[in-house]
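>>> Pasting the sequence and the predicted coordinates here, then a few questions.
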Amino acid sequence: MQKPIAIWLLICGVMVFAMVVVGGVTRLTHSGLSIVEWQPIVGTIPPLSQGDWDELLEKYQETPQYQKINKGMSLDEFKGIFWWEYFHRLLGRAIGFIFFIPFVYFLVRKKIDRPLGMKLTGIFVLGGLQGLMGWYMVMSGLVDNPHVSQYRLTAHLGLAFVIYAAILWVAMGLLSPKNHDQQDRNSLLNLRRFSIGLTSLIFIMILSGGFVAGIQAGLAYNTFPLMNGYLIPPDLFLLEPWYRNFFDNITTVQFDHRLIAWLLAILVPVFWFKARKYPFSGSARLACHFLLVMLMIQISLGIGTLLLAVPLPLAAAHQAGAMLLFTAALWMSHQLR
C-alpha cells in the first residue's frame with residue numbers, strides 16, 4: 001500500500017510546486033493585495049454579480065496600494081489582479097482538501113503506521129500555518145505601506161519550500177525505502193554531507209531571492225557580471241545598524257543573491273565530478289546529472305531576468321527553476337541517505 005500513498009504525496013507536491021509559481025506571478029503582477037479579507041470558507045465562492053464586484057472594488061479602494069499606486073483603477077483592471085490572487089488562494093484550499101481527505105482515508109483503512117502518521121500530521125500542521133502566514137504577509141500591505149513586508153514574504157516563501165521538501169522526502173522514502181547498491185556507506189558519508197550542504201545552500205539562495213523580490217532589488221543593477229561596473233559595489237553598508245543592509249539595502253540584497261549563485265556555480269560542478277567516481281544506480285546518476293543541468297538553466301534564467309529588468313514570463317520561469325533545482329538537490333541527497 002506504500003506506492004498509492006507515495007503517488008498521493010507526489011500529487012500534493014506537484015500542487016505545492018504550482019502554488020509557489022502562481023504565488024510568484026501574483027507577486028509580480030502586484031495582485032496579492034487585491035483581496036483584503038481572509039475568509040477560508042466563504043472566500044472560496046468567487047464574485048457572482050455586478051454588486052459583488054463593486055463591493056470588492058470599494059474595499060480595495062481603501063487600501064494603500066490603490067490610494068498610492070493604482071488610483072483610478074477601473075473594474076476591468078481590478079479583475080485582472082483579483083483573479084490571480086483568487087486562484088492563488090483557491091489553489092491553497094485545494095491542496096488542503098487533496099491532502100486531508102486521502103490522509104483520513106488511509107488512516108481509517110489502517111494503511112499508515114504511527115511513524116508515517118506523525119510525519120504526515122506534521123506536514124498538515126505546516127500547511128495550516130502556511131495559510132496563516134500568507135494572511136499575515138498580506139496584512140503588512142494593508143495598513144500604510146502599499147507593499148508587503150519582505151520579511152513576511154520570505155517567511156511565506158521559505159515555509160512553502162519546507163512543506164514541499166517534507167512531502168517530497170516522505171514520498172521518496174516510500175518509493176525507495178532502502179538503497180542497496182552502495183558498496184561502502186562510510187566512503188559516501190562525505191559526499192552525502194556535501195549534497196546536504198548544497199541543498200541547504202540552495203534553500204538559503206531561495207530565501208535571499210525572497211528578499212530580492214520583497215524590495216524589488218531585481219529592478220536595480222541590471223548588468224552582469226558586474227553591478228553597474230563594480231565587482232563589489234560601494235553601497236553595501238549604507239544603512240545603520242549594519243545588519244539591516246542584508247535585508248533592506250537593495251545593493252546588498254542583490255549582491256548576496258549573486259554571491260550565492262557564484263558559490264553554487266563552483267560547488268555543484270565540483271560535486272558532480274566527485275560523484276562520478278562512485279558506482280551509483282541509474283536513478284542516483286540521473287539525479288546527479290539533473291542537479292548540474294538545472295543549475296545551468298537556473299543561472300541562465302537568473303541572468304536573463306536581471307538583464308531584462310524582471311519580465312513576467314522569465315521571472316516566473318526563474319521561480320519555477322528554483323523549485324526544480326531544489327528538487328534535484330533533495331533527490332540527490334535522498335539517493336545518498
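Nice, I can see it. Numbering: from 1, shown residues only.
>>> Stretch 132-152: how far from the chain's middle?
Put simply, stretch 132-152 sits 17 Å off its chain's centre (CA atoms, centre = their mean, to the nearest Å).
>>> Show residues contacting that stretch.
Residues outside stretch 132-152 that contact it (CB atoms under 8 Å, 6 or more residues apart in numbering) are 32-33, 35-36, 38, 63-65, 67-69, 89, 92, 153, 155-156, 159, 210-211, 213-215, 247-248. Every residue, glycine included, has its C-beta placed from N, CA and C.
>>> Buried only: go through these for me.
Buried members of the contacts of stretch 132-152, counted by 16 or more other CB atoms under 10 Å: 32-33, 35-36, 63, 65, 89, 92, 153, 155-156, 159, 210-211, 213-215, 247-248.
>>> If I look at the closest residue in space to Gly173 that isn't next to it in sequence, what pLDDT would I see?
What sits nearest to Gly173 in space, not counting adjacent residues and going by CB to CB, 6 or more residues apart in numbering, is His334, at 7.4 Å. Listed pLDDT for His334 reads 93.
>>> Just the element for His334, please.
Per DSSP states H and E: His334 is located in helix 312-335.
>>> got the CA positions of that helix in CSV?
These are the backbone C-alpha positions of helix 312-335, laid out as CSV (Å, rounded to 0.1, in the frame of the first residue of the first chain):
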residue,chain,number,x,y,z
LEU,A,312,6.9,38.4,-16.0
PRO,A,313,7.4,35.2,-18.1
LEU,A,314,11.1,35.0,-17.4
ALA,A,315,10.7,35.9,-13.7
ALA,A,316,8.1,33.2,-13.3
ALA,A,317,10.3,30.7,-15.0
HIS,A,318,13.2,31.7,-12.7
GLN,A,319,11.0,30.9,-9.7
ALA,A,320,10.0,27.5,-11.2
GLY,A,321,13.6,26.9,-11.9
ALA,A,322,14.5,27.5,-8.3
MET,A,323,12.0,24.8,-7.3
LEU,A,324,13.4,22.3,-9.8
LEU,A,325,16.9,23.0,-8.7
PHE,A,326,15.9,22.4,-5.1
THR,A,327,14.1,19.2,-6.2
ALA,A,328,17.2,17.9,-7.8
ALA,A,329,19.3,18.6,-4.7
LEU,A,330,16.7,16.9,-2.5
TRP,A,331,16.6,13.9,-4.8
MET,A,332,20.4,13.6,-4.8
SER,A,333,20.5,13.9,-1.0
HIS,A,334,17.9,11.2,-0.7
GLN,A,335,19.8,8.9,-3.0
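>>> which other helices and strands contact that helix?
Here helix 312-335 touches helix 2-28, helix 150-175, helix 189-214, helix 282-307, going by 3 or more CB pairs under 8 Å, 6 or more residues apart in numbering; DSSP states H and E.
>>> got those helices as CSV, with mean pLDDT and distance to Lys79 columns?
Output for the helices and strands packed on helix 312-335, formatted as CSV (pLDDT from 0 to 100; distance: least, CB to CB, whole Å):
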stretch, mean pLDDT, distance to Lys79
helix 2-28, 95, 14
helix 150-175, 96, 24
helix 189-214, 95, 24
helix 282-307, 95, 27
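>>> In TSV: these, plus distance to Leu57.
Below are the helices and strands packed on helix 312-335 laid out as TSV (distance: least, CB to CB, whole Å):
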stretch	distance to Leu57
helix 2-28	18
helix 150-175	25
helix 189-214	26
helix 282-307	32
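>>> Got the domain ranges for this protein?
As given by automatic domain parsing, the domain ranges for the chain are 1-177, 180-337.
>>> secondary structure class for His30?
coil (DSSP: H, G, I helix; E, B strand; the rest coil).
>>> Can you list phi and psi of it for me?
phi 60, psi 40 (degrees, to the nearest 10).
>>> Equivalent analysis for Tyr230, please.
The phi/psi pair for Tyr230 (degrees, to the nearest 10) is phi -110, psi 140.
>>> May I have the predicted confidence score for it?
Predicted confidence (pLDDT) for Tyr230: 94.
>>> Next, work out how far apart it and Tyr221 are.
Taking CB to CB, to the nearest Å as the measure, Tyr230 falls 9 Å from Tyr221.
>>> Look at these two and report which has more neighbours.
Between Tyr230 and Tyr221, counted using other CB atoms under 10 Å, Tyr221 has the larger neighbour count: 19 against 14.
>>> So the more buried one sits against Leu236, correct?
No: the pair Tyr221 / Leu236 is not scored as a contact, 11.8 Å apart, by CB atoms under 8 Å.
>>> who touches both of those two?
Any residue near both Tyr221 and Leu236 by CB under 8 Å, 6+ apart counts here, and that gives Thr251.
>>> residues near Asp144, how many?
Neighbours of Asp144 (other CB under 10 Å): 8.
>>> do the same with the one 3 residues further on
Here the count is done by other CB under 10 Å, and His147 has 19 residues near it.
>>> Just say helix, strand or coil for it.
Secondary structure assignment for His147 (three-state DSSP): coil.
>>> Please report the distance of it from Lys79.
Applying CB to CB to His147 and Lys79 gives a distance of 21 Å.
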